[in-house]
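# compute the structure for the input listed below.
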Amino acid sequence: MLLRARQFEFRFPRPALVMGIVNVTPDSFSDGGRFLDVDAAIEHAERLVFEGADILDIGGESTRPGAVPVPESEELARVIPVVKLLAGRVSVPISIDSRKPAVARAALAAGASLVNDVGSYRRIPAMLEAVAAYGAGYICTHSQGDPETMQDHPLYKDVVAEVGRFFDEQLAALPFHGVSLEQIVVDPGVGFGKTLEHNLLLLGGMGQFVRRQRPVMVGVSRKSFLGAVCGAKADERLPASLACAILAVQAGAQMVRVHDVAATVQALRMTRAVMNQQSHVA
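Residues are numbered from 1 along each chain as shown. As a prediction, this is how the structure comes out:
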């Protein structure tokens, strides 16, 4: 299985990719305001690469539940200087975390190689045109509504089956917009329009998504459902975040999106060593 993102290629099977989060926002649930300054964001991003991040995900608009949308001009002002500087300073691909086609296109022009689109369910032609034009990677995330409203009344009869059908529909439709299958990553959207039970079911059913022969990304780092289970505040959820990342990778997920890169890299390296020995025994 191959993932193409402009000049970058990742061939699977391989060790799970670790995507490091760089929130250039004042209101993200975990680290809002810490990296709003360009220099702080660059320093943080370079630290994540040093710690082992395979990809950097730059976001200028919080997608936490209830977050207020950011004007396009403000989001551009936050992320484009960071993407431009990083593109000339790091050797790993840069992802732009945005729902806005104009922001995605500007970030790709500035040197980004992937678009992390939590608004994938809307299938906006302008967004897909930008991805196709640049040959960028496209992270297709399931969500039931926008961040402002997605947690109001999330309803599913069978969340694993419904998210799976969403992926089937997207994988069938996106090539007609010029986005090849080799450009696509699927993300079940843990925490995006889901209750605690839905999130646990998605993590337990991760193997169902892997069968679609596209890389599966899982983003659970520090999310509120971890606190609901463990009673921990956002900055105390690293053990729970690591447990979910390990479980997801054991089930076949190929990418994890995290705040704590060094700890995740170490945990996944240990997981891989054990899994490799298990395969030899089998």
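# sec struct for residue 3, please.
Secondary structure, DSSP: H, G, I helix; E, B strand; the rest coil: residue 3 is strand.
# next one: it from residue 68, what distance?
Relative to residue 68, residue 3 is positioned 33 Å away (C-beta to C-beta, to the nearest Å). Glycine gets a C-beta too; all of them are placed from N, C-alpha and C.
# who has more neighbours, these two?
When residue 3 and residue 68 are compared for neighbours, residue 3 comes out ahead with 23 against 9, by other C-beta atoms under 10 Å.
# name the nearest residue to that one, sequence neighbours excluded.
Of all residues not flanking residue 3 in the chain, residue 10 sits nearest, at 4.4 Å (C-beta to C-beta, 6 or more residues apart in numbering).
# beyond the helix or strand where the one you found lies, next helix or strand please.
In this structure, residue 10 sits in strand 8-11 according to DSSP states H and E. As assigned by DSSP H and E, the chain's next helix or strand after strand 8-11 is strand 17-23.
# what is that following strand packed up against?
helix 38-51, strand 55-59, strand 255-258, helix 261-281 (3 or more C-beta pairs under 8 Å, 6 or more residues apart in numbering; DSSP states H and E).
# my guess is residue 59 contacts residue 98. True?
Yes. The pair residue 59 / residue 98 is scored as a contact, 7.0 Å apart, by C-beta atoms under 8 Å.
# tell me which of these two has more neighbours.
Using other C-beta under 10 Å, the more surrounded residue of residue 59 and residue 98 is residue 98, with 29 against 23.
# who's the closest spatial neighbour of that one, skipping the chain neighbours?
Nearest to residue 98 is residue 104, by C-beta to C-beta, 6+ apart, at 5.3 Å.
# burial of that neighbour, as a residue count?
Residue 104: 28 neighbours (other C-beta under 10 Å).
# hmm, residue 114 and it touching each other?
No. Contact status for residue 104 versus residue 114: not in contact, 9.7 Å apart, counting by C-beta under 8 Å.
# and the helices and strands packed on strand 17-23 as JSON lines, adding distance to residue 188?
JSON lines is the format used below for these (distance: least, C-beta to C-beta, whole Å):
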{"stretch": "helix 38-51", "distance to residue 188": "23"}
{"stretch": "strand 55-59", "distance to residue 188": "17"}
{"stretch": "strand 255-258", "distance to residue 188": "12"}
{"stretch": "helix 261-281", "distance to residue 188": "18"}
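# how about JSON lines for those, with mean pLDDT and distance to residue 171 added?
As requested, the helices and strands packed on strand 17-23 are exported to JSON lines (pLDDT from 0 to 100; distance: least, C-beta to C-beta, whole Å):
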{"stretch": "helix 38-51", "mean pLDDT": "94", "distance to residue 171": "30"}
{"stretch": "strand 55-59", "mean pLDDT": "96", "distance to residue 171": "21"}
{"stretch": "strand 255-258", "mean pLDDT": "97", "distance to residue 171": "16"}
{"stretch": "helix 261-281", "mean pLDDT": "88", "distance to residue 171": "26"}
